[in-house]
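Student: Return atomic coordinates for the entry below.
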Amino acid sequence: MKNLILSLLLLFFAFTSYSQTKQTNSILNLNFEVTENGKPIGWKDFGNSDYKFALDSINVKNGKYAVTIEFNGEIPKRKAVSYILPNNYDGKKITLSGFIKTENVTAGYAGLLMSIEPYLAFDNMFKNGIKGTSDWTKYEITLDMNPEKTQQILIGGLLTGKGKMWMDDLKVTIDGKDIKDLKPFEKKPLPADTDYQYDRCSQIAMILLDKKNIENLKSLGLIWGFLKYYHPSIAKGTYNWDYELFRILPKILNSENKKKRDELLVQWISGLGQFTEDTVVKADTAKVKFAPDLDWIKHSDFSDELVTLLLNVKKANRTKEHYYIGLYAGISNPEFKNEYPYISMKYPDPGFRLLTLFRYWNIIQYYFPYKNLIEEDWKNVLEEFIPKIINAKNEKEYTLCVLELIARVHDTHANFWSWNEVMNHFYGINYAAVELTFIENKAVVTGFYNKKYGKESGMEIGDIITVINNETIAEIIKKKLKYTPASNYPTQLRNIAYNLLRSNDSIINIEFIRNDKTEKKALKTFSENKLNINDKYDVKDSCFRLINKDIAYINNGSLKKAYLSGIWKVMEKTKGLIIDIRNYPSDFPIYDLSNYLMPKSKAFVKITNCSIEDPGLFIFTKALNTGKLNNNYYKGKVIILVNENTQSSAEFNAMAYRVHPNAIVIGSTTAGADGNVSGFSLPGGISTMISGTGIYYPDGKETQRIGIVPDIVVKPTIQGIKKGQDELLQKAIDIINGH
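Tutor: Below is the predicted model:
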C-alpha cells in the first residue's frame, strides 16, 4: 500500500537516497554552479515524473544558477532533489540552510530536506513547509549528529503538490562551522568492515537439499543467528558475520554425519574468541513480556560439547554496544546496523539467498516484539523456507519467496518499503481508474482515481466486481493472501483491494453486478502518473468544523497542535465531539488535545522494549499517561471513528483519546500494527521493516493484530456507499443526539 503517512514519507526519502551510489567527487556543489549536460553535478532527482527538475539562470539568489522543481502534470504527487555530502564529519549538530522561492504552491508544500543515514535523523519541513507564492527567503533545518553510526548525509529540497519552487545558495554547517573548512571524520575500521572476500558472490553455486542437509542448514541457521546477537566477539565487529556464514557453510554441507557436524560447529565457535561470564541478573521477571526462545539449544539433539558451549555463550558478559544492533534514542526500538543490502544482486546466488533467510528469521527471533503472536512455531518456518528460498529459480521467485516469508509474521508494518521492479510487474504496471474497497466482503467500486477516466470507464459507485480476467474474486484472494503481509484479515483485504485492478496489459476484463444484474466490461488501464492512486489517503477535509451548534468534528489526519487553542474556544460548549481517525495523523497532537479532553492524567498505554544484552527478551516499561488535572475539561461525549485505515500512530492516538470518561469508539477492525517501526535491508536491495516496540493497553492486553476494538461495530454497507452516506459519521451523530 502507498499510504501517504508521515512515517512512510520519511522512509520514501531515506530508502530512496540510501540506494543511491555515494558521491566519489569532493566538490561541494551546494550553489549549483558546477554543471554538466544542463544539470548540477552530484545532484539527483527522484519522485514523480510529472515534475521537472532544471537549472534556472534568470531567477537566482546568488551566482549563475538556481535549481527549480515544477509540477507540469495532472495529479500532484512529489519530487525531491538530493546531494550526498562527500564525507562524514564530527560534531553534535548539523544545519542545512538555503534560500527558497515559491510560486503558487498548493495541495502540498516546498522545503529543504536532510537525512542522516541509515535511519538516524531526518527532516523535510513536513510540519512547516512553504506554501503559496513567496520571494527568496532563507530557511534552515538542524539535526542531531552521530558520526560513529553515520554512513552518509544527504541534503536537498522537495516539492509536494502543485506549483513551482526555486532553491539556491545552500550552506551546511556543523556546530556553526562551514563544512568546507572541516576535515572528514575518520572512523577506525573494524575487521568486519575490511572483509571483502565475498563481495561479488558467496562462492556457493549449488546446495543439495536432502533431508540431512535441510536439518543441518536449520541447525546452522539457529546457531549462526544466536552467535550473531549473543557472542561478544561478533558484537565488537571482529567478524563480518555474513561472510563467516559462507566460510562455515560448505563444511557443514559436506559433514558426514551429526557427530562430524557438531565437531565442526564446536571448532568454529571455539575459534571466535574468549569471553567472561556474566553473573548479574538483568531483568525483573515481573516486567517480562516474554523471554528469549533458547530451549532449542537443549532440544536439537546436539552433542553434549556443543550444547555446553552454546550455553556458555548464552551466559557471556555483553554490553549495550553491538556491531549489528542498537537502540534508537527515545523510544528504544531496535536499530539494525551494518545489514548490507547487496543491491547489485537482484537474484542472489544460493549462499546469499540463504543469508536472506537467516538474517530475516533471526531478526524476528530476537527483535520482533510480537513474535508470540505469530501463531506457529517460528523454528518450523525456518525449516520450511530453506528449500523454498534455495530452489527459487529466478529473481521473481526469490522476491516472492521473501515476501511470503515476511507475510508469516503477520505485521502490517512488515512489507517491501522501497521500489521493487519485480513486485511492480507482479501486480501490474498499469491501473484501472476504478477504486475498490471490500464492503460486506465484496469488491465494491467506491471511487475513481481520475474523474475523467472514471466516467469514461462506465463504472458506478456501488458496482460489485465478481470476476477479473476470468478469475473470481475469491480465487484471487486465495492466491494473493500468502503474498499480502498484514496483521489481520481485514487489513489484508484492504491491501488486496488496492492491487486488484492492476495489469501489465492495456485492458482488464471484468464481470460485475449492478442492480442485481451481471454485466461484463473491459476497463482501460493507465500508468500511475495519469492517476491519483493515493486519493483515498490524501486528507482533503479541514481539521475542524461544526456539524451543528452542538456537535464538533476533528479530522485527526490534518489536525495540527498549533490549531488547538483556537479549536477549543469553539468546541468547549458543544455536547459532542467526533474525532475521525480513519486516516493517519500529520502531526502528533495526542498529548496536547488530551490536555483539553481529560479531567486528570490517566494511563493509556504500556510499551515493551527489547534488549541488546539479552537478545530475545522484552520488558514492559512504565505506563504512559495522557491528560492533566483540568477542571475545565471537555464534558461532552467523545466519539472516535476507526476502520482498517487506522494504523500505527493513528491507533496510538485512538488509545489516548479513548480514556476520556465519555469516550466511545465506533467502526471496525483497525490495522493492528502499532509501535515505532525499525527498518533493515535484505540481499537484492530489498528494504523492509517491522514493528519495533510492543504496544499494549495499561492492563497488558494486546493491540497488535487485534487493533483498536470498537465499542460499537459499524461497517459501511453497499447501499450506504451507493447513496453517498458516511454511516460511521451518522452513527456518531445519532449517539451524541441520544438516538
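
Student: Quick check: buried residues in the host helix or strand of Ile94?
Tutor: Assessed by DSSP states H and E, Ile94 sits inside strand 93-117. Residues of strand 93-117 classed as buried by neighbour count (16 or more other Cβ atoms under 10 Å): 94, 96, 98-102, 105, 108-117. C-beta: built from backbone N, CA, C; applies to glycine.

Student: Same check on stretch 694-709?
Tutor: For stretch 694-709, using 16+ other Cβ under 10 Å, the buried residues are 694-697, 702-705, 707-708.

Student: all helices of the stretch 251-400 of the chain, in order?
Tutor: Ranges of helices in the stretch 251-400 of the chain, per DSSP state H, counting those that start in this stretch, are 258-270, 304-314, 350-367, 378-390, 395-407.

Student: Name the stretch among those helices that sits most buried.
Tutor: The highest average neighbour count among those, using mean count of other Cβ atoms under 10 Å, belongs to helix 350-367 at a mean of 24.

Student: report the angle between the axes of that one and helix 378-390?
Tutor: Per axes from the mean of the first three to the mean of the last three Cα atoms, to 10 degrees, the angle that helix 350-367 makes with helix 378-390 is 160 degrees.

Student: Helix 350-367 packs against which elements?
Tutor: helix 211-230, helix 241-253, strand 334-336, helix 378-390, helix 395-407, strand 677-682, strand 686-691 (3 or more Cβ pairs under 8 Å, 6 or more residues apart in numbering; DSSP states H and E).

Student: run the last query once more with 7 Å
Tutor: helix 211-230, helix 241-253, helix 378-390, helix 395-407, strand 677-682 (3 or more Cβ pairs under 7 Å, 6 or more residues apart in numbering; DSSP states H and E).

Student: Can you say which of those is nearest to Ile325?
Tutor: Closest to Ile325 of the helices and strands packed on helix 350-367, according to Cβ to Cβ: helix 211-230, at 6.5 Å.

Student: Can you list the helices and strands that that closest one packs against?
Tutor: helix 241-253, helix 258-270, helix 304-314, helix 350-367, helix 378-390.

Student: Switch those over to TSV; also include mean pLDDT and distance to Phe604.
Tutor: Shown next, in TSV, are the helices and strands packed on helix 211-230 (pLDDT from 0 to 100; distance: least, Cβ to Cβ, whole Å):
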stretch	mean pLDDT	distance to Phe604
helix 241-253	97	40
helix 258-270	97	46
helix 304-314	97	36
helix 350-367	98	25
helix 378-390	97	30
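
Student: Quick one: closest of those to Ala80.
Tutor: Among the helices and strands packed on helix 211-230, helix 350-367 sits nearest to Ala80 (Cβ to Cβ), with 28.9 Å.

Student: what comes into contact with that closest one?
Tutor: 202, 204-207, 221, 224-225, 228-229, 242, 245-246, 249, 293, 325, 334, 336, 339, 342, 345, 348, 371, 378, 382, 385-386, 389-390, 392, 398, 402, 405, 409, 610, 615-616, 680, 682-683 (Cβ atoms under 7 Å, 6 or more residues apart in numbering).

Student: hang on, the earlier thing: turn the helices and strands packed on helix 350-367 into a markdown table, columns for distance to Asn469.
Tutor: What follows is the helices and strands packed on helix 350-367, written out as a markdown table (distance: least, Cβ to Cβ, whole Å):
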| stretch | distance to Asn469 |
| --- | --- |
| helix 211-230 | 37 |
| helix 241-253 | 42 |
| helix 378-390 | 27 |
| helix 395-407 | 19 |
| strand 677-682 | 31 |
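
Student: Could you say which one of those comes nearest to Lys478?
Tutor: Comparing those by Cβ to Cβ, helix 395-407 comes nearest, at 13.9 Å.

Student: In a markdown table: the helices of the stretch 251-400 of the chain, plus distance to Asn509.
Tutor: Below are the helices of the stretch 251-400 of the chain laid out as a markdown table (distance: least, Cβ to Cβ, whole Å):
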| stretch | distance to Asn509 |
| --- | --- |
| helix 258-270 | 55 |
| helix 304-314 | 58 |
| helix 350-367 | 37 |
| helix 378-390 | 32 |
| helix 395-407 | 24 |
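
Student: show me the contacts for Ile695.
Tutor: Per Cβ under 7 Å, 6+ apart, neighbours of Ile695: 605, 607, 652, 674-675, 703-704.

Student: Which of those fall within strands?
Tutor: 605, 607 (DSSP state E).

Student: If you rank the contacts of Ile695 by neighbours, which is first?
Tutor: Greatest neighbour count in the contacts of Ile695, by other Cβ atoms under 10 Å, goes to Asp674: 31 neighbours.

Student: Can you list phi and psi of that residue for me?
Tutor: Per-residue torsions, Asp674: phi -120, psi 160 (degrees, to the nearest 10).

Student: One more: Lys162?
Tutor: phi -100, psi 170.

Student: Beta-bridge partners for it, please?
Tutor: Lys162 has these beta-bridge partners by DSSP bridges: Thr106.

Student: That one and Ala107 touch, don't they?
Tutor: Yes - look at Lys162 against Ala107 with Cβ atoms under 7 Å: they come within range, at 5.3 Å.

Student: Mind telling me what element Thr646 is part of?
Tutor: Using DSSP H and E, no helix or strand contains Thr646.

Student: related to what we said a few turns ago, overlap of the contact sets of Lys162 and Ala107?
Tutor: Common neighbours of Lys162 and Ala107 (Cβ under 7 Å, 6+ apart) are Pro76.

Student: low-scoring pLDDT stretches of the protein, where are they?
Tutor: Low-confidence segments of the chain, defined by pLDDT under 70: 1-27, 119, 279-284, 535-541.

Student: Could you chop it up by domain?
Tutor: 6-187, 209-422, 538-736 (automatic domain parsing).

Student: In a markdown table, list the ones you listed along with distance to Tyr498.
Tutor: Conversion of the domains of the chain to a markdown table gives the following (distance: least, Cβ to Cβ, whole Å):
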| stretch | distance to Tyr498 |
| --- | --- |
| domain 6-187 | 14 |
| domain 209-422 | 12 |
| domain 538-736 | 11 |
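
Student: For Ile476, which of the ones you listed is the nearest?
Tutor: Of all those, domain 209-422 sits nearest to Ile476, with 15.6 Å by Cβ to Cβ.

Student: Which residues does Thr688 form beta bridges with?
Tutor: Phe416, Phe680.

Student: from memory it sits against Ala407, does it?
Tutor: No - distance between Thr688 and Ala407: 11.2 Å, which falls outside the contact criterion (Cβ under 7 Å).

Student: quick revisit: buried members of the contacts of helix 350-367 into ChimeraX, please.
Tutor: Provided next is the ChimeraX selection string for whichever of the contacts of helix 350-367 are buried by 16+ other Cβ under 10 Å:
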select :202,204,207,221,224,225,228,229,242,245,246,249,325,334,336,339,342,345,348,371,378,382,385,386,389,390,392,398,402,405,409,610,615,616,680,682,683
